[in-house]
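Colleague: predicted model and sequence below, questions to follow.
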Amino acid sequence: MKLLKIIQSYFLLILIALIFSCKSSAQESVLDINSYLALADNDKIYPSEKQIEMLEAFVPNEAYQPAPNINSRVFWDKIAISKSGEDYLAEASSLLDKAPEVPISDEIYRRANKEGNRGIYKPRYYRTMDRLERFILAECIENKGRFLAQIEVYMQAIMDMKSWLHPNHDNRTNNNLEGKSITIDLGARKFGTDLTLAIVLLGDKLNSQIKIEASSLVQKRITDSYLASCRGENKLNSWIRSTSNWNSVCNSGTIFSTIANSTNSHDRIVAIGSALNSATFYLSGFGDDGYCSEGIGYWSYGFGHYLYMAQTIYDYTDGKIDLFKFNSAEKLKNVGNFPENFEIQNLNYAPFADGNIVAANQKGNFPYALSAYYYEALKSDHFKFEEASEQLIAWSHEEIFSNSNTSETKVLPDVTYFDTSGMIISRGKQEIPFSIAIKAGHNAENHNHSDVGTYTILFGKDYITGDIGAPSYTAGSFSKTNKARSSWGHPVPRINNTLQSNGREFKGEVLKTDFKMNSDEVVMDIKPAYEIPALKLLKRTMINDKIGAGTIRIKDDFEASENVTFGTTIMTFSKYEILDNNTLTLTNKNQKIKVNILSEGGAIKINPEPVPVKALRNGKDAIRIGVDFVDPIKKGSITVVYTPMFE
C-alpha cells in the first residue's frame with residue numbers, strides 16, 4: 001500500500017509538471033512585445049543581450065523565403081492562370097525592351113543634390129526598380145528564361161551605382177557618392193529589396209557571379225549599414241529614431257533584405273530586434289486615437305510599409321512575432337482605421353502638413369486591404385499594388401485579399417474628434433454637405449507647417465478654402481523661409497508681423513467642444529503658438545451651423561497689454577471677388593460661397609497677396625487674403641463667416 005501511494009505521488013508530480021510545462025509553452029508561443037521592450041538597453045536601438053535571448057526562441061534558423069522560388073511550379077503555375085498573374089505577365093512583357101535608366105551620371109547626381117531637383121533622377125530610379133521587380137515575378141510566372149537576360153542587365157546597372165541614395169538625401173559633400181559613407185534612405189531600401197527578390201526567387205537561374213556580387217552588395221549597403229547605426233557606431237541612418245514615414249519605409253526594406261539575403265542567422269535576429277525597438281519611435285508619432293499628423297498620403301506610404309514589415313515578420317516567425325498588435329492593439333486598430341475616420345466627405349481629406357486632399361489609395365491600396373483584415377476597417381472594392389513585395393504577399397494570402405467586392409456602405413458620423421491630437425471634423429449633412437476640419441496640434445508634428453488653428457472647408461466635392469497643403473518637393477521646399485510652410489501661408493492670425501514659432505511647446509489646446517444635432521462648436525486656445533510677450537489672450541472659435549445650406553464661422557478673439565497689429569487670413573485656390581471692405585466671394589469648379597467679415601474693436605481692410613510658391617501639390621496660384629485691422633489695438637475680434645451661394 002505504501003509503495004502504491006509513492007507511485008501515485010510520483011505520477012501526480014509528473015502530471016503537475018506537465019501542466020505547468022504546457023502553460024509555459026502556451027505563454028511562450030508568441031513574443032510578449034511589452035516584456036521584450038522592457039529589456040532594452042537605455043533606449044538603444046540595437047537589442048540587448050536579454051532581448052536577443054528572447055528573440056532566439058522565435059526567429060527561425062533558416063533565412064526568409066518571401067514566396068516559393070521559381071522551381072516550385074505548383075505555386076507559380078497557379079499564379080500563371082490567375083487573372084492577376086496574367087495581367088502581371090502582360091505588363092512585364094510590354095516593358096521588356098526598356099533599358100535600365102540607372103546609373104545616372106555623377107554630374108546629374110551632384111546637380112540634383114545641390115538643386116534639390118528630384119525630376120532629373122527620381123523617375124529614372126523608380127522606373128528602373130519597378131521594371132526589374134516586374135521582370136523577376138514575370139519570369140517566375142512564365143519560367144521560359146525570356147526575362148533573365150534583361151533582369152541581369154538591370155541588376156548590374158543597379159550594382160554599378162556608386163550610391164543608392166536619392167541625391168538630395170546625400171550630404172553637401174556627397175559622401176555616399178564618394179564612397180566615404182553608406183546610408184539607407186527611401187530609395188536605397190528599395191534597391192536592396194529588388195536585388196534580394198532576384199536572388200531568393202530566381203536562385204540558380206541567375207548568373208552565379210552576379211548573384212554572389214548582388215548578395216554581397218545588399219549585405220554591405222543595407223544590413224551592415226543598418227546594424228552599425230543601430231549599434232551607435234555612426235549617426236548615418238538617423239531615421240531609426242524617427243517618428244515619420246522614413247522609419248517604417250526604411251525599416252521594412254532593410255528587414256526584408258536582411259532576413260532573406262543574409263547568411264548570418266545572428267544578423268537576422270538582431271535586425272528584427274532592432275526593428276522592434278525602432279518601431280516604438282515610429283508608432284509614437286501617431287496619437288492614441290490613431291491620428292496621423294503627416295496626413296492621408298503619408299499614412300498610406302508610412303503605415304503601409306509598417307504593415308508590410310508586420311506581415312513579413314509574422315510570416316517569417318509563423319505568427320510568433322506580431323507587429324499588428326505590437327504593444328497596444330487598441331492604438332494600432334485606431335491607426336488602421338485612420339483613413340475612414342479622417343475623411344471629411346466624398347473621399348476628400350484635410351491637406352494639413354504635407355498631406356493630400358485625395359487619398360493615395362487610387363495608386364495602391366495595400367495598407368487598406370491589411371487594415372480591413374487586421375483592424376476591421378472598411379474593405380476595398382479592388383486591390384492594386386505599387387511594389388512587387390506587396391503583390392507577393394497578396395498571392396500568398398488569399399484570405400486577406402479575397403472577396404474584394406463589398407456591399408458595405410460607409411456612413412460618416414456628424415463629428416469625428418481626435419481628442420488626443422486636438423483635431424476635429426464637423427460634417428454637414430445637407431444635400432450638398434458643407435463641412436470643416438480644424439486642428440489645434442503643435443508645431444513639432446511631422447512635416448509641420450507651423451499652423452496651429454488651421455482649417456479646411458469643403459463644399460460638396462470642392463475644396464473651397466483653408467489650408468493649401470504641401471509645397472512640392474523641389475529645391476527650397478523644406479526651407480524655413482518657404483512661406484507655404486509657415487503660418488503666413490495658413491488661415492491663422494498674424495500679430496505684430498510675428499508668425500507662429502516652431503517646437504513642441506508652441507501648441508493649441510481645445511478648451512471646449514459642443515457637438516449638437518444641428519450645430520458644432522469648438523473653442524481653442526492658440527496663444528501658446530506665438531512668442532509675443534504682450535499677447536494676453538488668443539482664442540479661436542469655430543461654429544458650424546448645419547441648418548439649411550449651412551454657415552461656418554471662424555472667430556478670433558485677442559487681447560494684449562499694449563496696442564498690437566492684428567490680422568487673420570483666408571487661404572484659397574478659388575477665384576475670389578472682393579465686393580466691399582467686409583465681403584467677398586470664392587468660386588470653385590462647382591460651388592460658390594460668400595464670405596462676410598465682422599470685426600470688433602476697429603475697422604478692417606482686405607489685402608490679397610499671391611502665395612510666392614508655384615509648386616503646390618493641391619493646386620497652383622494660391623492666394624493669401626489678409627484680413628487686418630487698419631490700426632493697432634489692444635483688444636478685438638475678427639469673425640469670418642462662410643455661407644454657401646446658389647445661383
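Modeller: In hand now; what should we look at? Residues are numbered from 1 along each chain as shown.

Colleague: what ranges do the strands span in the stretch 151-300 of the chain?
Modeller: Ranges of strands in the stretch 151-300 of the chain, per DSSP state E, counting those that start in this stretch: none exist.

Colleague: what about the helices in it?
Modeller: Along the stretch 151-300 of the chain, counting by DSSP state H, counting those that start in this stretch, helices occupy 188-202, 208-218, 225-230, 245-261, 265-284, 296-298.

Colleague: pull the CA atoms of the fourth one into CSV?
Modeller: Meaning helix 245-261. Written as CSV, here are the backbone C-alpha positions of helix 245-261 (Å, rounded to 0.1, in the frame of the first residue of the first chain):
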residue,chain,number,x,y,z
ASN,A,245,7.3,57.6,-42.5
TRP,A,246,11.1,57.2,-43.1
ASN,A,247,11.3,54.9,-40.1
SER,A,248,8.7,52.4,-41.3
VAL,A,249,9.7,52.6,-45.0
CYS,A,250,13.4,52.2,-44.5
ASN,A,251,12.9,49.5,-41.7
SER,A,252,10.6,47.4,-43.9
GLY,A,253,13.0,47.3,-46.8
THR,A,254,16.0,46.7,-44.5
ILE,A,255,14.3,43.8,-42.7
PHE,A,256,13.2,42.2,-45.9
SER,A,257,16.7,42.3,-47.4
THR,A,258,18.4,41.2,-44.2
ILE,A,259,16.3,38.2,-43.3
ALA,A,260,16.0,37.0,-46.9
ASN,A,261,19.6,37.7,-48.0
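
Colleague: who are the packing partners of it?
Modeller: If you count contacts as 3 or more CB pairs under 8 Å, 6 or more residues apart in numbering; DSSP states H and E, helix 245-261 packs onto helix 188-202, helix 208-218, helix 265-284, helix 304-316. (C-beta placed from N, C-alpha, C; glycine too.)

Colleague: dump those to a markdown table, plus mean neighbour count, mean pLDDT and distance to residue 417.
Modeller: Shown next, in a markdown table, are the helices and strands packed on helix 245-261 (neighbours: other CB atoms under 10 Å; pLDDT from 0 to 100; distance: least, CB to CB, whole Å):
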| stretch | mean neighbour count | mean pLDDT | distance to residue 417 |
| --- | --- | --- | --- |
| helix 188-202 | 26 | 98 | 36 |
| helix 208-218 | 16 | 97 | 46 |
| helix 265-284 | 22 | 98 | 21 |
| helix 304-316 | 23 | 98 | 25 |
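
Colleague: select, out of these, the one closest to residue 49.
Modeller: helix 265-284 (10.6 Å; CB to CB).

Colleague: and the angle from that closest one to helix 304-316?
Modeller: Counting by axes from the mean of the first three to the mean of the last three CA atoms, to 10 degrees, helix 265-284 lies at 140 degrees to helix 304-316.

Colleague: helix 265-284 versus helix 245-261: what angle between them?
Modeller: Going by the same axes, to 10 degrees, helix 265-284 makes 160 degrees with helix 245-261.

Colleague: and helix 265-284, what does it pack onto?
Modeller: Helix 265-284 packs on helix 33-38, helix 49-56, helix 225-230, helix 245-261, helix 304-316, helix 329-336, going by 3+ CB pairs under 8 Å, 6+ apart.

Colleague: residue 614 belongs to a helix, doesn't it?
Modeller: No. Assigned with DSSP: H, G, I helix; E, B strand; the rest coil, residue 614 falls outside any helix and is coil.

Colleague: assign a three-state SS to residue 447, would you?
Modeller: coil.

Colleague: and the pLDDT for the closest residue to residue 610 other than its chain neighbours?
Modeller: Leaving aside its chain neighbours, residue 610 sits nearest to residue 623 (6.1 Å; criterion: CB to CB, 6 or more residues apart in numbering). At residue 623, the model reports a pLDDT of 93.

Colleague: equivalent analysis for residue 117, please.
Modeller: 84.

Colleague: what number of residues lie near it?
Modeller: The tally of other residues near residue 117 (other CB atoms under 10 Å) stands at 17.

Colleague: my guess is it meets residue 111, correct?
Modeller: Yes. At 6.7 Å, residue 117 counts as touching residue 111 under the criterion of CB atoms under 8 Å.

Colleague: need the helices and strands packed on helix 245-261 in CSV (columns: distance to residue 346).
Modeller: Output for the helices and strands packed on helix 245-261, formatted as CSV (distance: least, CB to CB, whole Å):
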stretch, distance to residue 346
helix 188-202, 33
helix 208-218, 44
helix 265-284, 30
helix 304-316, 23
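
Colleague: out of these, which is closest to residue 419?
Modeller: In terms of CB to CB, the element of those nearest to residue 419 is helix 265-284, at 17.4 Å.

Colleague: how far off centre is the closest one?
Modeller: With CA atoms, centre = their mean, to the nearest Å as the basis, helix 265-284 stands 19 Å off its chain's centre.

Colleague: please apply the same query to stretch 567-575.
Modeller: For stretch 567-575, the distance to the chain centre is 28 Å (CA atoms, centre = their mean).

Colleague: repeat that for stretch 132-143.
Modeller: For stretch 132-143 - counting by CA atoms, centre = their mean - the centre lies 29 Å from the chain centre.

Colleague: likewise stretch 226-245?
Modeller: 18 Å.

Colleague: kindly report the same for stretch 340-358.
Modeller: That offset, for stretch 340-358, works out to 13 Å (CA atoms, centre = their mean).

Colleague: report the rounded mean pLDDT for stretch 605-614.
Modeller: Average pLDDT, stretch 605-614: 90.

Colleague: can I get the CA coordinates of that stretch in PDB?
Modeller: What follows is stretch 605-614, C-alpha atoms only, in PDB (Å, rounded to 0.1, in the frame of the first residue of the first chain):
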ATOM      1  CA  LYS A 605      -9.100  96.000 -44.500                       C
ATOM      2  CA  ILE A 606      -8.800  93.200 -47.100                       C
ATOM      3  CA  ASN A 607      -5.400  92.600 -48.500                       C
ATOM      4  CA  PRO A 608      -5.000  89.800 -51.100                       C
ATOM      5  CA  GLU A 609      -1.500  88.600 -52.000                       C
ATOM      6  CA  PRO A 610      -0.400  85.700 -54.200                       C
ATOM      7  CA  VAL A 611       1.500  82.900 -52.500                       C
ATOM      8  CA  PRO A 612       5.000  83.100 -53.900                       C
ATOM      9  CA  VAL A 613       5.200  79.300 -54.200                       C
ATOM     10  CA  LYS A 614       4.300  77.900 -57.600                       C
END
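
Colleague: off-centre distance for that stretch?
Modeller: In terms of CA atoms, centre = their mean, the centre of stretch 605-614 is set 30 Å apart from its chain centre.

Colleague: how many neighbouring residues does residue 574 have?
Modeller: Residue 574 is flanked by 22 other residues according to other CB under 10 Å.

Colleague: any weak-confidence spans in the stretch 1-150 of the chain?
Modeller: Residue ranges of the stretch 1-150 of the chain with pLDDT under 70: 1-28.

Colleague: any chance of the helices and strands packed on helix 265-284 in TSV, with distance to residue 401 too?
Modeller: Shown next, in TSV, are these (distance: least, CB to CB, whole Å):
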stretch	distance to residue 401
helix 33-38	26
helix 49-56	29
helix 225-230	30
helix 245-261	18
helix 304-316	11
helix 329-336	16
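
Colleague: what's the most buried one of these?
Modeller: helix 245-261 (a mean of 27; mean count of other CB atoms under 10 Å).

Colleague: could you give me the average pLDDT of that helix?
Modeller: On average, helix 245-261 scores 98.

Colleague: the inter-axis angle of it versus helix 188-202?
Modeller: 30 degrees.

Colleague: so how far is helix 245-261 off the chain centroid?
Modeller: Here helix 245-261 is found 15 Å from its chain centre; the criterion is CA atoms, centre = their mean.

Colleague: quick one on the thing from earlier: just put the helices of the stretch 151-300 of the chain in CSV and tack on distance to residue 581.
Modeller: Below are the helices of the stretch 151-300 of the chain laid out as CSV (distance: least, CB to CB, whole Å):
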stretch, distance to residue 581
helix 188-202, 55
helix 208-218, 65
helix 225-230, 58
helix 245-261, 45
helix 265-284, 48
helix 296-298, 38
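
Colleague: right, I'll leave it there.
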